[in-house]
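Chemist: Next come a sequence and a model predicted from it.
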Amino acid sequence: MTDFQLKNMTRTIAYGLTALFMFFLAIQNYRYGFYELVYTATLLMPLLGFGIAYTYAQRYVEIKDYAHHVLLTVMVCLIASNIDNSSSNATLWLYPIGLLSYLVLPFRASNLFNGAILVCVTLFIAVQQELYNGLLFFTSYLLVSGVAGIFAYLHHHKNHKLIELSLHDALTGAYNMKHLDDTLTKEISRSHVTGNTLSLIALRVDYFDQFTDVHGNNAAKELAVELSEVLGSMIRAGDSHYYSNGSLFYLLLPNTPQEGMLIMTERVRRTVEETKWQTIGTMTVSLGCTTSTENPATAKSLRNEVHSALNEAETNGHNRVSHFTQQ
């Protein structure tokens, strides 16, 4: 399970638990005769159900959207419409929505969302009722959202460090293969939405097995580290490089058409050939490359294409670039 899929599972569970909480809250309001809040609950339930369905539909596609922001904002507006000049019972419904935002929105967005609730609802209560009630809500909501925000902040930064460690190869510092498959899936989805071309390059040091036999595994590892540093310095912002094993690397180039990809591959080939390497002196690499087409592509199909092109480059004499062409 990818990090994005885990995040969507958390969102689904959060929407479900909030719906369950709202259901029991509606029952209590019905028992005490607050029928307007019960009517509000009948509107909130479908919205929470839509949140679950929307999250499930987006479980394999990570495209930036604002559906969750809009959904939570509509919920807050529905609840705020029940605040009148004599009662603030409806404000109790805002607390679970605020906590929900920390589970379904990015950390910064959830802080802005709760800040907007804090200011707008406080002013609304102060105008509708009196300043004391507004300050009472301000204090209680600030306390609840502040504690939730602290826990969300600690969780966010701890997860961020753990995720960074899990995504990188310990030897070269490049991204690992698990992250390549995850990123390829996301970028393929993005390219289908935007219509931009996605390019993938695979490269391998020529005669690397013979070099390892002669100089040993430690020298081979040092060479992989050297090559990773050079590749990392050559790619553009938004591009990324990945290390598999031995001397096999991948370059992922979003929003790059075939012409730009071929320029990049030839630049890499020539740079490696002309560089004086501390471990080996001189060396060459073979490269295979491909671009996503209008046909549906998957991470596996793109990797198969660059492997086919890379094998062709090595078969035809090494130190060359081969572009995958559909048969």
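Modeler: Nice, I can see it.

Chemist: and stretch 167-174, how far from the chain's centre?
Modeler: Computed by C-alpha atoms, centre = their mean, to the nearest Å, the chain-centroid distance of stretch 167-174 equals 19 Å.

Chemist: domain parsing for the chain?
Modeler: As assigned by automatic domain parsing, the chain contains the domains 3-167, 177-323.

Chemist: So for the last one, first residue to last residue, what's the gap.
Modeler: Which is domain 177-323. Taking C-alpha to C-alpha, to the nearest Å, domain 177-323 runs 22 Å from one end to the other.

Chemist: hmm, back to that, which stretch in the domains of the chain has the least confidence?
Modeler: Sorting these by mean pLDDT places domain 3-167 lowest, at a mean of 83.

Chemist: Find the nearest non-adjacent residue to residue 51, please.
Modeler: What sits nearest to residue 51 in space, not counting adjacent residues and going by C-beta to C-beta, 6 or more residues apart in numbering, is residue 15, at 4.2 Å. C-beta coordinates here come from the backbone N, C-alpha and C atoms, glycine included.

Chemist: sorry, back to before: okay, the domains of the chain in TSV with mean neighbour count next?
Modeler: Below are the domains of the chain laid out as TSV (neighbours: other C-beta atoms under 10 Å):
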stretch	mean neighbour count
domain 3-167	16
domain 177-323	17
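
Chemist: wait, doesn't the residue nearest to residue 51 sit right on residue 56?
Modeler: No. The pair residue 15 / residue 56 is not scored as a contact, 9.9 Å apart, by C-beta atoms under 8 Å.

Chemist: Chain neighbours aside, what residue packs nearest to residue 209?
Modeler: In space, and not counting its chain neighbours, residue 209 is closest to residue 246: 7.9 Å by C-beta to C-beta, 6+ apart.

Chemist: typo on my end, it should be residue 264
Modeler: Distances taken as C-beta to C-beta, 6+ apart place residue 253 nearest to residue 264, at 6.5 Å, with adjacent residues excluded.

Chemist: Quick check on the one you found: phi, psi?
Modeler: phi -120, psi 90 (degrees, to the nearest 10).

Chemist: now the one 5 residues further on
Modeler: Listed backbone geometry of residue 258 is phi -60, psi -40, with angles given as degrees, to the nearest 10.

Chemist: pretty sure it contacts residue 200?
Modeler: No. With contact defined as C-beta under 8 Å, residue 258 does not reach residue 200; the gap is 11.7 Å.

Chemist: Now the common contact residues for these two.
Modeler: Counting by C-beta atoms under 8 Å, 6 or more residues apart in numbering, the common neighbours of residue 258 and residue 200 are residue 291.

Chemist: returning to what we had before: show me what contacts the residue nearest to residue 51?
Modeler: Shown in contact with residue 15 (C-beta under 8 Å, 6+ apart): 48-49, 51-52, 55, 100, 104.

Chemist: 10 Å - rerun?
Modeler: 47-56, 68, 71, 100, 103-104 (C-beta atoms under 10 Å, 6 or more residues apart in numbering).

Chemist: Could you check how far stretch 185-203 is from the centre of its chain?
Modeler: Distance, stretch centre to chain centre, for stretch 185-203: 15 Å (C-alpha atoms, centre = their mean).

Chemist: Can you give me the first-to-last residue distance of that stretch?
Modeler: Start-to-end span of stretch 185-203 (C-alpha to C-alpha) is 20 Å.

Chemist: hmm, who's touching stretch 173-184?
Modeler: Under C-beta under 10 Å, 6+ apart, the answer for stretch 173-184 is 2-5, 62, 163, 166-170, 198, 200, 224-225, 227-229, 231-232, 240-245, 248-252, 254, 292, 297-303.

Chemist: give me that answer again for 7 Å
Modeler: Contacts with stretch 173-184, where a contact means C-beta atoms under 7 Å, 6 or more residues apart in numbering, come from 2, 167-169, 228, 232, 240-244, 249-250, 252, 299, 302.

Chemist: Sort out for me which of those are in strands.
Modeler: Those of those mapping onto strands are 240-243, 249-250, 252, per DSSP state E.

Chemist: Would you check which pair of the residues you listed lies furthest apart?
Modeler: The span of those, defined through C-beta to C-beta, is set by 243 and 252 at 12.4 Å.

Chemist: does the residue nearest to residue 51 sit in a helix, a strand or a coil?
Modeler: Secondary structure, DSSP: H, G, I helix; E, B strand; the rest coil: residue 15 is helix.

Chemist: elements contacting the helix of greatest length in the chain?
Modeler: As assigned by DSSP state H, the longest helix anywhere in the chain is helix 131-167. Where contact means 3 or more C-beta pairs under 7 Å, 6 or more residues apart in numbering; DSSP states H and E, helix 131-167 is packed against helix 94-104, helix 107-128.
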